[in-house]
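**Student:** I'll drop the sequence and a predicted model, then ask my questions.
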Amino acid sequence: MIGAINLDKLGEYILIAISLAVCVLAFFIAKPYIVAMLTGALIAFISYPLHAWLTPKVRFETVSALLIVFLILLLVAIPIILSLNAIRTEAYASYVFVRQKLVIGGLFESECTTTGFICSLYNRLRDILTEPEVLYYIDTASQRISTTIANKVSDIIFSIPAVVLRAFIAFFTMFYLLRDGKRIMAQLEELLPFKKSHRKRIIDNFKSITYAVFFGHLLIAAIQGALGALGFFLFGVPSPILWGIVMAFFALIPFLGTAIVWLPVALLMIFTAATTGNAVLLTKGVFFLLYCWLIVSTIDNILRPKLIGERGKVHPILVLIGVLGGLHLFGFVGIFLGPIALAIFTTLVQIYEEEKAGAATP
């Protein structure tokens, strides 16, 4: 009897050990493509309402999933290709512009002769930035930046095959999750080691948080970047697409936002106009400042309540740490995954605290 029990226990231990070994092996097999699979899963989750709407019209879930995959592919691939080409061109143009203005001295071509604080500040900056040592350091830094940009462009070109493979895996994952999403979600829900009420709460929170992060942060950041690029273009600021992309990134970071990009540009335009007596540039600088302040920086306060309402609000500190940490860990898609992971973690902590409080109650 004891031997039979020991054999049963031994069999259980062996089964657990084999299961753990297989899980570890499966993880290392999938590890190179986990980010691509997560990307596909997130895109599938966000586009699933469209799939649910389209399926009755085309009558087949497979056809609906294929159509949505091709639609998302076009919506993602075309802007990325155009943006990369624009970034390559505008990054070099910005480098030439900065080098011309700072190193060659185009920013301080003449001495300000009027009186006043702005003129005095201009002349002081002119004296500092036209010293040979300062010009040498600026020139060296600009050359290093241009070399870094050139190397990064080369890295991107040589990594195109790997990027294409990961994109294929992401869209492949997206297709099957769209087609078999209901069944897969039901199985995943059953695998969660929680009470039924807790499982429902976690899944509901995941849905609302994903919705909030996408529509409340990423989509609004993209809109702010597009409006910023439009403003840069309308007011004649060089490299509008490049700076629009930079503004979209900073729009994701709480307490910084797009002002860290457009405010120095607007002040530089006004400052230059005031010291040179250029009334046209002064007008452009003032209206550019007003445009960015009243439209670019406030559009999120208008759109965010309309897009997400009271659902899925994510604390700013979770967004900040999630964006930066997710970007470091997962790359670009980490901007999306980071805040979601931290928000789900806080949900699990809340459930644990509730269970602990419930267990302590007599």
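**Tutor:** On my side now, so go ahead. Predicted model only: the values in this text are computed from it and were never measured. Numbers count the residues shown, from 1 in each chain.
**Student:** model confidence over stretch 263-281, on average?
**Tutor:** Mean pLDDT, computed over stretch 263-281, is 79.
**Student:** Would you indicate which residues of that stretch are buried?
**Tutor:** Neighbour-count burial for stretch 263-281, with 16 or more other C-beta atoms under 10 Å as criterion, is recorded at V265, A266, M269, I270, F271, T272, A273, A274, T275, L281. (Each C-beta comes from the backbone N, C-alpha and C, glycine too.)
**Student:** mind checking pLDDT for the nearest residue to E189 once chain neighbours are set aside?
**Tutor:** Residue nearest to E189 in three dimensions, not counting chain neighbours: R199, with 5.5 Å by C-beta to C-beta, 6 or more residues apart in numbering. Residue-level confidence at R199 comes out at 75, pLDDT.
**Student:** E353 too?
**Tutor:** Per the predicted model, pLDDT is 79 at E353.
**Student:** for the strand or helix carrying it, packing partners?
**Tutor:** The secondary structure element spanning E353 is helix 334-360 (assigned by DSSP states H and E). On a contact count with 3 or more C-beta pairs under 8 Å, 6 or more residues apart in numbering; DSSP states H and E, helix 334-360 meets helix 34-58, helix 196-213, helix 316-330.
**Student:** I'd assumed T210 was in contact with L42.
**Tutor:** Yes - the pair L42 / T210 is scored as a contact, 7.1 Å apart, by C-beta atoms under 8 Å.
**Student:** Okay, helices next: where are they in the stretch 101-250 of the chain?
**Tutor:** Using DSSP state H, counting those that start in this stretch, the helices of the stretch 101-250 of the chain run over 117-129, 132-158, 160-179, 181-191, 196-213, 219-234, 240-251.
**Student:** Please name whichever of the helices and strands packed on helix 334-360 is nearest to F175.
**Tutor:** Shortest distance between F175 and those, using C-beta to C-beta, is found for helix 34-58: 8.0 Å.
**Student:** what's in contact with the closest one?
**Tutor:** Around helix 34-58, the neighbours that count as contacts under C-beta atoms under 8 Å, 6 or more residues apart in numbering are 30, 61, 64-65, 67-68, 72, 166-167, 169-174, 177-178, 181, 207, 210, 214, 330-331, 333, 336-337.
**Student:** buried ones in it?
**Tutor:** Residues of helix 34-58 classed as buried by neighbour count (16+ other C-beta under 10 Å): 35-48, 51, 54-55.
**Student:** ok, now stretch 226-246?
**Tutor:** Buried positions in stretch 226-246, judged by neighbour count with 16+ other C-beta under 10 Å: 226-229, 231-232, 235, 237, 239-246.
**Student:** what's the farthest-apart pair in those?
**Tutor:** The most widely separated members of the buried residues of stretch 226-246 are F235 and I245, with 17.7 Å between them, by C-beta to C-beta.
**Student:** Out of the helices and strands packed on helix 334-360, the one nearest I18 is which?
**Tutor:** Taking C-beta to C-beta as the criterion, I18 comes closest to helix 34-58 out of these, the separation being 22.8 Å.
**Student:** what angle sits between that closest one and helix 160-179?
**Tutor:** Computed with axes from the mean of the first three to the mean of the last three C-alpha atoms, to 10 degrees, the direction of helix 34-58 lies at 40 degrees from that of helix 160-179.
**Student:** got the angle between helix 34-58 and helix 334-360?
**Tutor:** With the same axes, to 10 degrees applied, the angle from helix 34-58 to helix 334-360 works out at 90 degrees.
**Student:** name the element V69 belongs to?
**Tutor:** Assigned by DSSP H and E, V69 falls in helix 61-98.
**Student:** what mean pLDDT does that helix have?
**Tutor:** Within the predicted structure, the mean pLDDT of helix 61-98 is 75.
**Student:** repeat for stretch 171-191
**Tutor:** For stretch 171-191, mean pLDDT rounds to 82.
**Student:** List the buried residues for that stretch?
**Tutor:** Of the residues in stretch 171-191, those buried under the neighbour-count criterion (16+ other C-beta under 10 Å) are F171, T173, M174, F175, L177, L178, R179, G181.
**Student:** List the contacts of the third one.
**Tutor:** Right, M174. If you count contacts by C-beta under 8 Å, 6+ apart, M174 has them with G40, A41, I43, A44, S47, V69, I72.
**Student:** circling back: out of the helices and strands packed on helix 334-360, the one nearest S159 is which?
**Tutor:** With distances scored as C-beta to C-beta, the stretch of the helices and strands packed on helix 334-360 nearest to S159 is helix 34-58 (13.4 Å).
**Student:** tally of neighbours for V296?
**Tutor:** As a burial measure, the neighbour count of V296 was computed by other C-beta atoms under 10 Å and equals 26.
**Student:** so it makes contact with A226?
**Tutor:** No - taking C-beta under 8 Å as the definition, V296 is not a contact partner of A226, at 9.6 Å.
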